[in-house]
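In: using only what follows, build the 3D model:
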Amino acid sequence: MNDPAKAEHQGELARIEAQVQSDYTDVATLSPADYARMRAVSRPALLLDVREADEFAVSRIPGAVRVDPGIRTSKFLSEFASIASGREVVFYCSVGVRSSKLASRVQAGLKKSGARTVYNLQGGIFRWHNDNRTLEDAAGETDRVHPYSDYWGRLVSRQDLLAKSVRKM
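Out: Presented below is the predicted three-dimensional model:
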């Protein structure tokens, strides 16, 4: 990596990823590269974006379905258990905290309903974006990403592609 600023962002994000994995040991982690390979199969994983509507509107990983981060477990299972049956389920958010929380709460119910494996996408959409992978919005492909807040947005290596943040931390 030749860009020192990008290397610093990647290092900070890697530290956050390690902390998320340490905090949520019950949730399997899937790397962006492994998810990209998984997408190529005939029946791809169910990809769930656990971010707020304004974040999802800016961009998302192609094929993602938005889930409210605060959804009740019973409501989540009534909406997603049947479509998760027989599939891998991959959760993501900005860096992995909100998605890990939800995955941890619902994975037993998903597995009971026939989901194969429940994963949290390592580094969330920020890692995906930092790795220069494809994002989309309602109009099609985009390079922009929502920073969640000024604080968390610092983990995005391509700062010029951040959407305007509305949250302060």
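
In: quick test: name the residue nearest the centre of this structure.
Out: In the chain, the residue lying closest to the centroid (CA atoms, centre = their mean) is residue 92, at 1.9 Å.

In: which ones are touching it?
Out: By CB atoms under 8 Å, 6 or more residues apart in numbering, the residues touching residue 92 are 47-50, 61, 64, 99, 120-121, 124-125, 128. All C-beta spots, glycine's among them, are computed from the backbone N, C-alpha and C.

In: apart from its chain neighbours, what residue comes closest to it?
Out: Residue nearest to residue 92 in three dimensions, not counting chain neighbours: residue 121, with 3.8 Å by CB to CB, 6 or more residues apart in numbering.

In: for the one you found, the count of nearby residues, please.
Out: Counted by other CB atoms under 10 Å, the residues lying close to residue 121 total 30.

In: equivalent analysis for residue 111, please.
Out: Around residue 111 there are 15 other residues, counting by other CB under 10 Å.

In: list the contacts for it?
Out: Residue 111 sits next to residue 118 when contact means CB under 8 Å, 6+ apart.

In: can you tell me the SS state at it?
Out: Following DSSP: H, G, I helix; E, B strand; the rest coil, we place residue 111 in the helix state.

In: what pairs with the residue nearest to residue 92 across the strands?
Out: residue 30 (DSSP bridges).

In: going forward, begin numbering at 505 instead of 1
Out: New numbering, starting at 505: the last item is residue 625.

In: check residue 586 and give its pLDDT.
Out: If you check residue 586, the pLDDT there is 96.

In: which outside residues touch the longest helix along the chain?
Out: The longest helix of the chain (DSSP state H) is helix 508-527. By CB under 8 Å, 6+ apart, the residues outside helix 508-527 that reach it are 505, 533, 599-601, 604, 624, 626-627, 630-631, 634, 658-662.

In: just how off-centre is that helix within its chain?
Out: Relative to its chain's centre, helix 508-527 lies at 15 Å (CA atoms, centre = their mean, to the nearest Å).
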